Structures are given as C-alpha cells and as structure tokens.
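# A predicted structure for the sequence below; I have some questions about it.
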Amino acid sequence: MTHTASKTNTGALLFIICLAASLVPFMGSALNLALPYINEDLSLSAVMSGWVPTSYMLSTAILQIPFARMADMVGRRKVFLAGVTILTIFSVLSGFATTGVSLIIYRFLAGIGSAMMFGTSTAILTASVPNEKRGQALGVIAATVYFSLAAGPFVGGILTQYFNWHSIFFVSAALSLIVAVGGYVIIKDDWKEETKTKFDFVGSLLFVAGLSSLIYGFSRLPHTQGFILIGLGVIVLLYFSHYEKKQEYPVFNIRIFLGNRVFRLSSLSALINYSATFAISFMLSLYLQYVRGLSPRDAGLILITQSVIQAVVSLKSGRLSDKMSATFLASLGMAIIALGLFGLCFISETTNLYYIGAILLLLGLGFGIFSSPNTNIIMSSVEREYYGFASATMGTMRLVGQAFSMGIAIMAISIFIGNVKITPAVHTELIGSMRITFIICLALCLFGVYASLVREKRKEVE
C-alpha cells in the first residue's frame, strides 16, 4: 500500500469521519421513534415495520467487506465519496416514499452507500492519524457514535411530533450532503494498493449470497422457509470459507480470521453483543408508544438514558483499557448488559417508567464498558497493513449482529402477533413478543460472557 506523507488535514478529517459515523446511529435511533407513525401512514403490518430498519442493515452488512476490498484497489477516497453520495440520494427518496415497499427498497439502496462509506472511513482515519494519536481519535469516534444514539430518540421524537416522520430522512440527507462536500474538499489522499490485484468476484458473490440467506432466513423463523434459508446460508458460507483459503487475493482474509484467535474471539464477542442488544430500543419504542401511550418526544426522553450513559462511559473505558485488561472490561460490560436484559424480561403493561429508566441506565453502563475495550482489542490484534480488513470486519460483525437482533424481534412478533397492524387488541401479544425477544437476547449475552472470559483465560495462558 502507498505510504506517502498524508496531504489531508487530520483535524478536519476527524470531524468529517465523526459526522459520517454519526449518520447511521442517529438515523436508526430516530427512526425507531417514528415507526408507529410510519406504520399508520403507510399501513404497515408489525412484520413489515421491522423490515424498515432491517433492510438498511442487511445491505450494509453484506456489502461492507466487498466494498472495503474494492476500495483497496480503486482508492478509499473514491469509494467513500461515492458511498456518501448514494446515501444522500436515497435518504431524500426515503423521505418522499409513499408506500411501505418503496420505503424498504430505498432503505436497502441507502444501505449500499452506507456499506461503501463504512467499509473505508475507519481505514482512512487510521492511515491519516499518527500512531500516538490513533487511540484518542478512535475514542472520539466511539463517543460521537453514542452521542448520536443519545440525540436520535430525542431529535427524532421532536421531528416526528412537531413536523412528520419524513423530516427525519431529510435531516439525515442534509448531514450526508455535508459529509459528501466536506469529504471532497478535505480528503486529499486516495490510499490504494501499489501493486495490481484482482477483485474476488466469486468470493464476493458467495459472501453476499450466504450472508443474505442467513439473515433473511433468520427473520422468517419459525416458518419452514426460514429454516431452509438458514441451512442454505450456512452451507454457502462454509463453502465460501473453503474457497477463500485458496485465493491469492481473497475478498475476506480467512487466514487471519482463523489464525488470529484474539481477533476471531473479539469479533465474535462484538457479533454476540450487538445481536443481544440492538432490538431493545426497537421493542421498547413500540411498547412505550403503543402500550403506554407516550408521545414520540416523551418516549425519546426515556430511551435517551441508555445512549447518554454509553457515550460518557465509553470515553472512560477506552482510556481504562490502556491501563488494565481490556478483555476483563469487555467481559464485565457484557455481564452488566445481561443483568439489564434480565430486568427487561419482567416488564408488564403497568411497569413503573422509573424502573425502565433504571434498566436502560444499567444497559448503557454495560455497553459503554464493553464497546471501547473490545474495539481496542480488535484493532490492536492485527498488523498495520490489515487495519482496513479489521475495521471492515468489525463493522460487518456490528451490522450482522444488529440484523440478527432485528430478526429475533421480527420472529417474536410473527409468532405472537402475526402479519397484522398493531392495535390495542394485540397489546398483550406485543408484550409477549417483547419478553421472548429479551429472553433470547439474555441467553445470547450469557454465552457472550462465557466466550469473553474464555478469551481472557487463554490470553493469560499464552
């Protein structure tokens, strides 16, 4: 890879990358508050409602690694700017959507742009920032993500209540446009491979097909089609792993993933953690507005608790992971999340809102303790030349975990409510679907604690 002196202003670049990193968490958390209004305006069923956020995460998850590899060949700047442009265009079109199908399609296409952007952004920053400031820069990005998560429910609630749900997409598009223009002006280097390499089209198609089948199949459970798609996805991904081992220029460096135990287990921890946590805000948003009758603004003020705590704690835990065992901190964080999920399993139609706020505070504490140390472990476990691969893998694990989490929620809603609109007549069933979602997430989280502790013990032995 080219190692020329960077012509990019690192301070301005950090601002652009942070703004880019804020787009997805802001949109996701803001959109959760608007879903009841979107459901009403577009006559969406409970299951279709779940596909509004899931379609975006699906395309971002399956395409992030192929686009990261492509960026190494044609230049990360080109791919990053193209991605932000695509994201901007389809965010605008999402705001003009008049049917549920068109909105889901636009969100899927916006996710393609997001995959291009997030497959390159961390690698661009890593290559631009001096070694001694890299941890600080990554910490700033992590804090930005959590502050965006915190702002999303509040801002989304305000926009939805006083304007309409369409305004969320237009605000997101405006922020994307700033990133596009700023990136074009500020990012000067292109960072691409010096030597000519081949793009692994077959490997990319296998990866996309296998992961799509797996994620979509999971959302179709407990129907027979879901089991068939999951089995097909597993078979394709196993063949993909075998195929990639033989490639000179693989789209996914399976040798690093299989040979680097710390990298593999830390990536698995991230996958489990996001699978166990992402559906929480989705389910609680439906609960607070449908069952408890809160306005989007008031529901947002309750949900903001978790993200604010995450933002504050992640800054502290990132610094703390430089002084003590990062794996211990990550394990502790996941254990606290498990405790919070256990508390959520007992929510009823009359649960005190202060109890829910306390649980969200606990979840924010756990996630804040887990995230920064685990990211630190992943990025520190590979050599400099593999930073792009590591960041794309980490992003893919995050998005795949989020998609699996939504799959769990959609599955629970499908079992308890079915493909109908959410009305007061199905509030009891909605709470049942919430409980089964939280129980499954709790089981995942407990497994994650075990896996993380095993990673710590193995590291000590080594």
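Arrived safely, thanks for sending.
# And residue 27, how far from residue 37?
As for residue 27, its distance to residue 37 is 15 Å (criterion: Cβ to Cβ, to the nearest Å). Using the backbone N, CA and C atoms, a C-beta is placed for each residue, glycine as well.
# Counting neighbours, go ahead and name the busier of these two.
residue 27 (28 against 16; other Cβ atoms under 10 Å).
# can you pull the contacts of residue 92?
Contact partners of residue 92, counting by Cβ atoms under 8 Å, 6 or more residues apart in numbering, are 169-170, 173.
# tell me which strands and helices the helix ranked longest in the chain is in contact with?
As assigned by DSSP state H, the longest helix anywhere in the chain is helix 427-461. Applying 3 or more Cβ pairs under 8 Å, 6 or more residues apart in numbering; DSSP states H and E, we find helix 427-461 packed against helix 261-277, helix 279-286, helix 326-344, helix 387-416.
# Just the buried residues of the longest one, please?
Using 16 or more other Cβ atoms under 10 Å as the burial criterion, the residues of helix 387-416 that qualify are 387-414, 416.
# from what I can see residue 170 touches residue 94, true?
No: between residue 170 and residue 94 there is no contact under Cβ atoms under 8 Å: 9.1 Å.
# who has more neighbours, those two?
In terms of neighbours (other Cβ under 10 Å), residue 94 is the more surrounded of residue 170 and residue 94; the figures are 26 against 17.
# Next up, the contacts around that one.
Contacts of residue 94 by Cβ under 8 Å, 6+ apart are 103, 106-107, 110, 169.
# Residue 21 now?
118, 121, 141, 144-145, 148.
# Which residue, neighbours along the chain excluded, lies closest to the spatially most central residue of the chain?
Centroid-nearest residue in the chain: residue 399, 3.9 Å away (criterion: Cα atoms, centre = their mean). In space, and not counting its chain neighbours, residue 399 is closest to residue 61: 3.6 Å by Cβ to Cβ, 6 or more residues apart in numbering.
# pLDDT score for the one you found?
Here, the pLDDT recorded for residue 61 equals 79.
# sorry, back to before: for the contacts of residue 21, which single residue is the most surrounded?
Counting by other Cβ under 10 Å, top hit in the contacts of residue 21: residue 118 with 29 neighbours.
# can you tell me how far that residue sits from residue 30?
With Cβ to Cβ as the criterion, residue 118 and residue 30 are 18 Å apart.
# ok so, going back, state the pair within the contacts of residue 94 that is farthest apart.
Put simply, by Cβ to Cβ the two of these set farthest apart are 103 and 110, 10.4 Å from each other.
# Just send the contacts of residue 94 back as a markdown table, with secondary structure too.
Below are these laid out as a markdown table (DSSP: H, G, I helix; E, B strand; the rest coil):
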| residue | secondary structure |
| --- | --- |
| 103 | helix |
| 106 | helix |
| 107 | helix |
| 110 | helix |
| 169 | helix |
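# Which residues does stretch 65-77 contact?
Identification of contacts with stretch 65-77 by Cβ under 8 Å, 6+ apart yields 1, 78-80, 83, 115-116, 119-120, 123-124, 183, 187-193, 197, 199-200, 204, 207-208, 251-252, 388-389, 391-393, 396.
# So which of the residues you listed belong to helices?
Filtering the contacts of stretch 65-77 for helices - DSSP H - leaves 78-80, 83, 115-116, 123-124, 183, 204, 207-208, 388-389, 391-393, 396.
# Low-confidence bits of the stretch 51-200 of the chain, can you list those?
The stretch 51-200 of the chain contains residues with pLDDT under 70 at 126-127, 129-139, 149-150, 190-196.
# where exactly do the helices run in it?
Using DSSP state H, counting those that start in this stretch, the helices of the stretch 51-200 of the chain run over 76-95, 100-118, 121-128, 131-162, 166-186.
# now for those helices, which one comes closest to residue 377?
It's helix 131-162; of the helices of the stretch 51-200 of the chain, that one is closest to residue 377 (Cβ to Cβ) at 12.1 Å.
# count of residues packed around residue 234?
Residue 234 is flanked by 14 other residues according to other Cβ under 10 Å.
# so which helix or strand takes in it?
Following DSSP states H and E, one finds residue 234 within helix 224-245.
# now that helix and helix 387-416, what's the angle there?
Helix 224-245 runs at 170 degrees relative to helix 387-416, counting by axes from the mean of the first three to the mean of the last three Cα atoms, to 10 degrees.
# Show me which residues of the following helix or strand past helix 224-245 are buried.
Next helix or strand after helix 224-245 toward the C-terminus (DSSP H and E): helix 254-259. Neighbour counts using 16+ other Cβ under 10 Å place 254, 256 of helix 254-259 among the buried residues.
# now for helix 254-259, which elements pack on it?
Short answer (3+ Cβ pairs under 8 Å, 6+ apart): helix 254-259 packs on helix 224-245, helix 261-277.
# And the shortest one, what does it pack against?
Identification of packing neighbours for helix 261-277 by 3+ Cβ pairs under 8 Å, 6+ apart yields helix 254-259, helix 326-344, helix 353-380, helix 387-416, helix 427-461.
# what's the spacing between it and its chain's center?
12 Å (Cα atoms, centre = their mean, to the nearest Å).
# Go through it and flag the buried ones.
262-277.
# tell me the pLDDT at residue 420?
We have a pLDDT of 69 for residue 420.
# Quick check on the contacts of stretch 65-77: which are buried?
Neighbour-count burial (16+ other Cβ under 10 Å) applied to these gives 78-80, 83, 115-116, 119-120, 123-124, 183, 187, 189, 191-192, 200, 204, 207-208, 251-252, 388-389, 391-393, 396.
# The closest residue to residue 329 other than its chain neighbours: neighbouring residues, count only.
In space, and not counting its chain neighbours, residue 329 is closest to residue 373: 4.2 Å by Cβ to Cβ, 6+ apart. Neighbours of residue 373 under the rule other Cβ under 10 Å: 26.
# how far away is residue 373 from residue 252?
For residue 373, the distance to residue 252 - Cβ to Cβ - is 25 Å.
# Just the element for residue 324, please.
Under DSSP H and E, no helix or strand contains residue 324.
# quick one: which of the helices of the stretch 51-200 of the chain is nearest residue 369?
Within the helices of the stretch 51-200 of the chain, the stretch nearest residue 369 is helix 131-162; the backing value is 12.2 Å (Cβ to Cβ).
# Can you give me the neighbour number for the residue nearest to residue 316 when sequence neighbours are not counted?
Nearest non-adjacent residue to residue 316, counting by Cβ to Cβ, 6+ apart: residue 368, 7.8 Å away. Neighbours of residue 368 under the rule other Cβ under 10 Å: 27.
# what do you get for residue 157?
The burial count for residue 157: 27, using other Cβ under 10 Å.
# now it: how far from residue 225?
Residue 157 is 36 Å from residue 225, by Cβ to Cβ.
# same thing with residue 64?
From residue 64 across to residue 225, the span is 26 Å (Cβ to Cβ).
# Looking at these two, which one has more neighbours?
residue 64 (28 against 11).
# Make sure that one is actually in contact with residue 120.
No: if you go by Cβ under 8 Å, residue 64 and residue 120 don't touch, sitting 9.4 Å apart.
# Flag the shaky bits of the stretch 351-462 of the chain, pLDDT-wise.
Within the stretch 351-462 of the chain, the ranges that satisfy pLDDT under 70 run 384-385, 387-388, 419-420, 455-462.
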